[in-house]
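*Asks:* got a predicted structure here, sequence first:
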Amino acid sequence: MKHLKIIALMLFLTFLAGIGGYFTAEYRSGHLEAQKNKIAFEKRETAWLELKQAVANEIGQFKGEVGIVIKGLDVNQEISFNKEKLFPSASLAKVPVMVACFLAADQGRIKLDRNIALKSTDKLTGSGSLKEMKPGATFSAEELIGLMIYDSDNTASNMLTNLIGIDYLKNSFKAFGLKNTTFSRKIADFNSRDKGIENYTTAEDMAFLLERIYRKSLVSKDASERCIRLMKLSRTNHRIPKYLPAEITVAHKTGLERDVCHDAGIVFTRKGDFIIVVLTKHANSTGALSMEFIAKVSLYAYNYFKQFNRMFTYEG
């Protein structure tokens, strides 16, 4: 009996030692993981501050005014400079116009497959090929939306504006939640612009709109997906995409008019997607320096987001 008690005691002590070893190993593993996360978190925070400083340095050397928002879509991080500052929107206005067209279709106000005949009075100067077409050529509303976005066709935007009306566009912009984006004239109506009638937007509004499209919460899931598909087809790629690897997909829209140069888009990467909006008003004879400024800021942002896949949470 005494031997049995000794054996039972030894087994119990062995059991306790095993349990203790298990919890010690678990504690060590958890501690190491916490230390690893702490180091990764600190590394990310340092890189984030470096990104902000790099962008600030570029702003300091830029001859003009800027409005910037850089926002991670998988993490709660945002860098902004003058995000509420008003800038002439130029062709960036075509993004909310596009969304408004899909809203009008969703409400039954227009049909996307409806053919619309080109008129001489529709033709506007500037970007796009429709101005070279003969009057009477027909295009569906959906075709016009595509031309307006990926080819930035001013005549297409004019035809769509005539189709749904400026008042409808104004009301739609407000309904989308845009706080400071105005639509006072047709996008390429330069005569009105020269009289002081201007369309305005902010980096904050454009980033907000792009995020709602990305989250598929604007108009409908289908409409949001269509918007992204069209912006991925953009043919003007010497700003946000310029220095990014060829395999990186960017859904974006540019804007260029006298004294202003913009780009606003969503960059899709394997380590997380992000929004970048850069609005500029330059004091240069051309927009070349602004385009280079936008491309550099985009590269800085990409170099940050390509390193990190998630936000580490650390509690010290």
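*Replies:* Perfect, thanks for sending it. Please read all numbers here as calculations on a predicted model, not as lab measurements.
*Asks:* all contacts plus neighbour counts: C-alpha atoms, from now on.
*Replies:* Noted.
*Asks:* for A264, give me the pLDDT.
*Replies:* At A264 the predicted local confidence, pLDDT, stands at 98.
*Asks:* dump the residue contacts of the residue nearest to it when sequence neighbours are not counted.
*Replies:* Counting by CA to CA, 6 or more residues apart in numbering, the nearest residue to A264 once its immediate chain neighbours are dropped is V277, at 4.2 Å. When contacts are counted by CA atoms under 8 Å, 6 or more residues apart in numbering, V277 touches G67, I68, V69, I70, A203, M206, A207, H262, D263, A264, G265.
*Asks:* please repeat the previous calculation with a cut-off of 10 Å.
*Replies:* 67-71, 80, 83, 202-207, 210, 240, 252-254, 262-266, 294, 297-298 (CA atoms under 10 Å, 6 or more residues apart in numbering).
*Asks:* backbone phi and psi for L124, please?
*Replies:* Dihedral angles phi and psi of L124 (degrees, to the nearest 10) take the values phi -130, psi 150.
*Asks:* got any ranges where the stretch 1-150 of the chain has weak pLDDT?
*Replies:* Scanning the stretch 1-150 of the chain for pLDDT under 70 picks out the ranges 1-41.
*Asks:* 90 instead, please
*Replies:* 1-47, 74-77, 122-129, 131-133 (pLDDT under 90).
*Asks:* mind jotting down where the strands sit in it?
*Replies:* With DSSP state E, counting those that start in this stretch as the criterion, the stretch 1-150 of the chain has strands at 64-72, 78-81, 87-88, 115-117, 138-140.
*Asks:* okay if I get these as TSV plus mean neighbour count and distance to A156?
*Replies:* Compiled in TSV, these are given as follows (neighbours: other CA atoms under 10 Å; distance: least, CA to CA, whole Å):
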stretch	mean neighbour count	distance to A156
strand 64-72	22	28
strand 78-81	17	33
strand 87-88	24	20
strand 115-117	15	10
strand 138-140	16	9
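*Asks:* what's the closest of those strands to A56?
*Replies:* Ranking the strands of the stretch 1-150 of the chain by proximity to A56 (CA to CA) places strand 78-81 first, at 8.4 Å.
*Asks:* helices of the stretch 101-250 of the chain, start to end?
*Replies:* For the stretch 101-250 of the chain, applying DSSP state H, counting those that start in this stretch gives helices covering 141-150, 154-164, 166-175, 190-194, 203-214, 221-232.
*Asks:* how far off helix 221-232 does the first one point, in degrees?
*Replies:* Spelled out, that is helix 141-150. Taking axes from the mean of the first three to the mean of the last three CA atoms, to 10 degrees, one finds helix 141-150 and helix 221-232 inclined to each other by 50 degrees.
*Asks:* packing partners of helix 141-150?
*Replies:* Helix 141-150 sits against helix 94-106, strand 115-117, strand 138-140, helix 154-164, helix 221-232, strand 249-257, with contacts defined as 3 or more CA pairs under 10 Å, 6 or more residues apart in numbering; DSSP states H and E.
*Asks:* what's the distance between V277 and V55?
*Replies:* Going from V277 to V55 by CA to CA, to the nearest Å gives 13 Å.
*Asks:* and for the two, which residues touch both?
*Replies:* Going by CA under 10 Å, 6+ apart, residues that sit against V277 and also against V55 are I68, S80, V297, S298.
*Asks:* report the beta-bridge partners for the first one.
*Replies:* With DSSP bridges as the criterion, the beta-bridge partners of I68 are F81, V278.
*Asks:* against D122, how distant is it?
*Replies:* Distance, I68 to D122, using CA to CA: 34 Å.
*Asks:* could you do the third one as well?
*Replies:* Plainly put, V297 is 37 Å away from D122 if you go by CA to CA.
*Asks:* out of the two, which sits in the busier spot?
*Replies:* Per other CA atoms under 10 Å, whichever of V297 and D122 has more neighbours is V297, with 25 against 18.
*Asks:* where does the more buried one sit, in terms of helix or strand?
*Replies:* Element membership for V297, per DSSP states H and E: helix 288-305.
*Asks:* just the CA coordinates for that helix, please, in CSV.
*Replies:* What follows is helix 288-305, C-alpha atoms only, in CSV (Å, rounded to 0.1, in the frame of the first residue of the first chain):
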residue,chain,number,x,y,z
ALA,A,288,4.9,68.6,-65.9
LEU,A,289,6.3,69.4,-62.4
SER,A,290,3.0,68.7,-60.8
MET,A,291,2.8,65.4,-62.6
GLU,A,292,6.2,64.5,-61.3
PHE,A,293,5.3,65.6,-57.8
ILE,A,294,2.2,63.4,-57.8
ALA,A,295,4.2,60.4,-59.1
LYS,A,296,6.8,60.8,-56.4
VAL,A,297,4.2,61.0,-53.6
SER,A,298,2.5,57.9,-55.0
LEU,A,299,5.8,56.0,-55.0
TYR,A,300,6.5,57.0,-51.4
ALA,A,301,3.0,55.7,-50.4
TYR,A,302,3.4,52.5,-52.3
ASN,A,303,6.8,51.8,-50.7
TYR,A,304,5.2,52.0,-47.3
PHE,A,305,2.1,49.9,-48.0
